[in-house]
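Visitor: Mind looking at a prediction? Sequence and model below.
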Amino acid sequence: MRILVVEDDPNLNKQVKNALEDNGYSVDIALDGEEGHFLGDTEPYDAVVLDLGLPKIDGLTVLENWRKENKKFPVLILTARDRWSEKVNGFDAGADDYVTKPFQMEELLARLRALIRRSAGHATSDIECGPLKIDTKLNKVFINGTKLKLTSHEYKIIEYFLHHQDKVISRTELTEHIYDQDFDRDSNTIEVFIGRLRKKIGNNMIKTERGYGYRLSLDE
Ligand code: CA
């Protein structure tokens with residue numbers, strides 16, 4: 001899952017980025033509204049953390065513009081304490097949730113998890129596909145109740161598959177959702193990761209859809 005963090009306070013931005021990366025997300029950052037708007041416009045994020053008070057373009061305008069451009073990713077806004085009108089305006093502009101500064105990182109993480117799973121149509125933090133289960137809270141994956149040892153890239157791929165079960169996912173889509181912007185991407189390595197994952201979870205759950213990509217499914 002790939003997240004954009006738009007926050008002009010460099011320390012807070014870094015704290016959020018580090019916490020998200022520690023929890024298995026790939027993260028891009030922007031320090032002003034202009035860069036934030038551009039990235040959200042051009043990259044396929046799974047969720048966005050958006051501060052409202054931003055240089056160049058304010059967060060509310062950035063959000064309104066994304067929604068006008070039909071960008072549907074979930075957006076969590078950061079608002080100052082006691083500014084209830086900011087929350088109302090944020091929701092009206094298309095925000096999905098908010099946290100009030102100063103916030104506990106655990107709360108931000110929990111709200112983001114909820115937004116990401118809900119936008120993929122899942123109601124709980126455990127997501128299952130037959131014998132395969134992910135606990136998105138603990139960042140752990142189980143097969144028949146046994147915890148799998150996964151590298152961070154393998155985790156990111158299986159997390160994406162489990163959120164989007166039965167959907168055909170191209171190598172490009174996977175690449176875009178597991179790597180951040182600065183990563184030296186190579187879509188051939190996706191095949192290597194898929195091969196390793198198949199060995200770990202059993203051969204038949206990740207199907208190859210020739211010419212299209214992959215699909216996680218219980219179908220024969
Ligand atoms: Ca700010």
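Guide: Yep, it's here.

Visitor: So what sits opposite V27 in the bridge?
Guide: Note on V27: beta-bridge partners I3, judged by DSSP bridges.

Visitor: Assess the claim that it and E7 are in contact.
Guide: No: when contacts are counted by C-beta atoms under 8 Å, V27 is not listed as touching E7 (11.5 Å). Any C-beta I mention is one placed from the backbone N, CA and C, and that applies to glycine too.

Visitor: More neighbours: these two, which one.
Guide: Using other C-beta atoms under 10 Å as the criterion, V27 and E7 rank with E7 on top: 25 against 22.

Visitor: From I134, how far out is that one?
Guide: To I134, E7 is 28 Å away according to C-beta to C-beta, to the nearest Å.

Visitor: again with R117
Guide: 10 Å.

Visitor: If you count surrounding residues, which of the two has more?
Guide: I134 (24 against 21).

Visitor: The residue in the chain positioned nearest to the ion: what's it in contact with?
Guide: Nearest to the ion, among the residues of the chain, is G53, at 3.7 Å (C-beta to the ion). Contacts for G53 (C-beta atoms under 8 Å, 6 or more residues apart in numbering) come out as 8, 59, 80.

Visitor: my read is F183 is in a helix, agree?
Guide: No: according to DSSP: H, G, I helix; E, B strand; the rest coil, the state of F183 is coil, so it is not within a helix.

Visitor: Check it and give its pLDDT.
Guide: If you check F183, the pLDDT there is 81.

Visitor: Number of residues surrounding it?
Guide: 12.

Visitor: now swap in G211 and tell me
Guide: Neighbourhood size, G211 [other C-beta under 10 Å]: 6.

Visitor: Need the per-residue pLDDT for it.
Guide: Looking at G211, its pLDDT stands at 90.

Visitor: Which residue ranges of the protein form strands?
Guide: 2-6, 26-30, 47-51, 75-80, 97-101, 126-129, 132-135, 140-143, 146-147, 206-209, 213-216 (DSSP state E).

Visitor: Between those strands, which one is closest to H153.
Guide: strand 26-30 (9.6 Å; C-beta to C-beta).

Visitor: The closest one packs against which elements?
Guide: Helices and strands touching strand 26-30, by 3 or more C-beta pairs under 8 Å, 6 or more residues apart in numbering; DSSP states H and E, are strand 2-6, helix 10-22, helix 33-42.

Visitor: Mind listing what's buried along the second one?
Guide: Right, helix 10-22. Using 16 or more other C-beta atoms under 10 Å as the test for burial, helix 10-22 gives 12-13, 16-17, 19-20.

Visitor: That one: how far from the chain's middle?
Guide: A distance of 14 Å separates the C-alpha centroid of helix 10-22 from that of its chain, computed with C-alpha atoms, centre = their mean, to the nearest Å.

Visitor: Run the angle between it and strand 26-30 for me.
Guide: Helix 10-22 and strand 26-30 are oriented at 170 degrees to each other (axes from the mean of the first three to the mean of the last three C-alpha atoms, to 10 degrees).

Visitor: The helix or strand of the chain with the lowest mean pLDDT: how far from the chain's middle?
Guide: In the chain, no helix or strand scores lower on mean pLDDT, DSSP states H and E than helix 84-92, which sits at a mean of 90. Helix 84-92 has its C-alpha centroid displaced from the chain centroid by 23 Å (C-alpha atoms, centre = their mean).
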